[in-house]
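J.: what follows is a predicted protein model with its sequence.
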There are 2 protein chains.
Amino acid sequence: MDKKKKIMAGSLLFSGIPDAQLDEVAAIAVDKTCRRGESIFFEGDEGTGFYMVVEGQVKIYKMSFDGKEQILHIFGPGEPFGEVPVFHGQPFPANAMALVNSSLLFFPRRQFVDLVTANPSLALNMLAMLSFRLRRFAAQIESLSLKEVPGRLAAYIVYLAEEQGATERVTLDIPKGQLASLLGTIPETLSRIFARMTEEGLIRVDGRTILIDDFERLREW
Amino acid sequence: MDKKKKIMAGSLLFSGIPDAQLDEVAAIAVDKTCRRGESIFFEGDEGTGFYMVVEGQVKIYKMSFDGKEQILHIFGPGEPFGEVPVFHGQPFPANAMALVNSSLLFFPRRQFVDLVTANPSLALNMLAMLSFRLRRFAAQIESLSLKEVPGRLAAYIVYLAEEQGATERVTLDIPKGQLASLLGTIPETLSRIFARMTEEGLIRVDGRTILIDDFERLREW
DNA sequence: CCTTTCCATTGACCTAGGTCAAAAATAATT
DNA sequence: AATTATTTTTGACCTAGGTCAATGGAAAGG
């Protein structure tokens, strides 16, 4: 697959960009692959550019001094990540690691900023991208601070259901341990809550498949 | 004070913008004042534009169904807020309220987007602004999820100390109840932690003044 | 197929911090 | 100053959920 194809495939960042400029974007993009568990960058690293997931899955996460992890985002195909240092000129604020073998594109900072400067629709797309992130972060903070773990899990299942267009059955796209970290808890607690929700007739869990028995009650949580 | 002066005063968003364009920005800005406790917008409202604090203090916050509040940001002079819907075209993700009598500028969406489109440095400044926000949100999520309340308070005091350029004595810029909400806790807990930190010889608290007795230990938390 | 490793679940226990209630202190208003 | 309203502090209590430890399953590598 050539870079231009990778760039266009399902990426909101480059949607509506004139074809000529897509060529310029493709010209500065650098292919990169990484295997499951491989680190892409660390918090504090200098940000020389940002990435986009072409195929695979990448987590952005923070670690506490005593080793607990909090996942900030999980990005899939078409989603860019690591843009913050590009525009703010500071080191990466978090770590990035591939959850599965992944294929990425890397965009060098300097050259990308030049493209953004010359191309208003690219700038607006990037502004929309960052705005969307801010919205998601706000929801995550609300979730962590104002909801208890069952509420956060319920919200996540509802989110998955909407994303997968099904109110009957959803599939977890990440291991349960990672889900715990995304929800700001630990695997033991998550496991207990899955069990409790099952007892209460809300869901049934089989591996990574969740059968939703009472979507409404889940949504109202 | 004329609008152009208000726009320039200490605002990172408009720094380095050619004078001619500042006039254009000033031309679309609308003056607005609001008194202490007044709501500026609510979560779910359509975003017809964004604001900048000229004077005063504004909080951006979320409410839980049972009335608990989580503050996301507190913005002071020179800081813009409410930009997310401008670029993402969705309703406001949170509520905004003036903490004290405040003077604001309002920038209508459509017209501001036109300016951004025509002016690359304005676009880059806005990108830097949003990037900075993302960084702060990441820190807040880390704080909520990976630190306990004393650690969050310590981090906040250190942050204030840096902002105020003093390691001996800082002044809280908000009431303690609001600080509790910013740190994701409640006034009772915050009060107890202030008391404990005082017992342990870290700080002394007198109203909104905090004397720092052991800056290093506070920082290492 | 077997072994090793990783992941998920379950139980016993404990603590950070939230809830409820009341007093004390500070600020705002008449 | 006196009154009212708002913040802050303190005490008694309780629970969500984290820690530690052990076991059961599933997946990966030989």
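T.: Noted; the coordinates are in hand.

J.: from here on, contacts and neighbour counts on C-alpha atoms
T.: Noted.

J.: do you know how far the spatially closest residue to residue A:91 that is not a sequence neighbour is from residue A:92?
T.: Using CA to CA, 6 or more residues apart in numbering or on different chains and skipping residues adjacent in sequence, the residue nearest residue A:91 is residue A:46, 4.4 Å away. Here the criterion is CA to CA, to the nearest Å. By it, residue A:46 lies 6 Å from residue A:92.

J.: which strand or helix spans the closest residue in space to residue A:83 that isn't next to it in sequence?
T.: Taking CA to CA, 6+ apart, and ignoring the residues beside it in sequence, residue A:83 has residue A:50 as its nearest neighbour in space, at 5.1 Å. With elements taken from DSSP states H and E, the one containing residue A:50 is strand A:49-55.

J.: ok, residues contacting that strand?
T.: Contacts of strand A:49-55 from elsewhere in the structure, counted by CA atoms under 8 Å, 6 or more residues apart in numbering or on different chains, are A:6-7, A:75-83, A:85-86, A:102-110.

J.: contacts for the helix or strand residue A:112 falls within next, please.
T.: Counting by DSSP H and E, the element that carries residue A:112 is helix A:109-118. Residues outside helix A:109-118 that contact it (CA under 8 Å, 6+ apart) are A:24-25, A:28, A:47-50, A:86-87, A:122-123, B:120-121, B:123-124.

J.: and that helix, which residues are buried?
T.: A:109, A:111, A:112, A:113, A:115, A:116, A:117 (16 or more other CA atoms under 10 Å in any protein chain shown).

J.: what comes up buried for the longest helix along chain A?
T.: Once chain A is assigned using DSSP state H, the helix that runs over the most residues is helix A:120-146. Applying a neighbour-count criterion of 16+ other CA under 10 Å, the buried positions in helix A:120-146 are A:120-135, A:137-138, A:140-146.

J.: returning to what we had before: now do the residue nearest to residue A:83 against chain B, distance only.
T.: Look at residue A:50 and chain B: by CA to the nearest CA, to the nearest Å, they are 13 Å apart.

J.: and that residue, what are its bridge partners?
T.: Beta-bridge pairing of residue A:50, defined through DSSP bridges, involves residue A:107.

J.: ok, it to residue B:132 distance?
T.: For residue A:50, the distance to residue B:132 equals 16 Å [CA to CA].

J.: and of the contacts of helix A:109-118, the nearest to residue B:68?
T.: The closest of the contacts of helix A:109-118 to residue B:68 turns out to be residue A:87 (CA to CA; 34.5 Å).

J.: tell me the contacts of the residue nearest to residue A:91?
T.: By CA under 8 Å, 6+ apart, residue A:46 lies in contact with A:85, A:90, A:91, A:92.

J.: can you rerun that using 10 Å?
T.: Going by CA atoms under 10 Å, 6 or more residues apart in numbering or on different chains, residue A:46 touches A:85, A:86, A:89, A:90, A:91, A:92, A:93.

J.: residue A:63 now?
T.: The neighbours of residue A:63, taking CA under 10 Å, 6+ apart as the test, are A:43, A:69, A:70, A:71, A:94, A:95, B:142, B:146.

J.: quick one: which of those sit in strands?
T.: Filtering those for membership in strands, criterion DSSP state E, returns A:69, A:70, A:71, A:95.

J.: and those as JSON lines, adding distance to chain B, neighbour count and pLDDT?
T.: Converted to JSON lines, these look like this (distance: CA to the nearest CA, whole Å; neighbours: other CA atoms under 10 Å in any protein chain shown; pLDDT from 0 to 100):
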{"residue": "A:69", "distance to chain B": "8", "neighbour count": "21", "pLDDT": "93"}
{"residue": "A:70", "distance to chain B": "7", "neighbour count": "26", "pLDDT": "95"}
{"residue": "A:71", "distance to chain B": "9", "neighbour count": "23", "pLDDT": "95"}
{"residue": "A:95", "distance to chain B": "11", "neighbour count": "20", "pLDDT": "95"}
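
J.: could you pull out the strands for chain A?
T.: Taking DSSP E, the strands of chain A run over residues A:30-34, A:39-41, A:49-55, A:58-63, A:69-75, A:80-81, A:95-98, A:102-108, A:169-171, A:203-206, A:209-212.

J.: quick check: domain ranges of chain A?
T.: For chain A, the structural domains run A:3-129, A:147-219, going by automatic domain parsing.

J.: most neighbours per residue, which of those?
T.: Taking mean count of other CA atoms under 10 Å in any protein chain shown as the contact definition, the stretch among those with the greatest mean neighbour count is domain A:3-129, which reaches a mean of 19.

J.: ok, the residue nearest to residue A:83 to residue A:79 distance?
T.: In this structure, residue A:50 and residue A:79 are separated by 11 Å, where distance is defined by CA to CA.

J.: and the helix or strand of chain A with the lowest mean pLDDT, what does it pack against?
T.: Sorted by mean pLDDT, DSSP states H and E, the helices and strands of chain A end with helix A:3-8, the least confident at a mean of 87. For helix A:3-8, the elements it packs on are helix A:19-28, strand A:30-34, strand A:49-55, strand A:102-108, judged by 3 or more CA pairs under 10 Å, 6 or more residues apart in numbering or on different chains; DSSP states H and E.

J.: quickly list what's touching both of residue A:46 and residue A:92.
T.: A:85, A:86.
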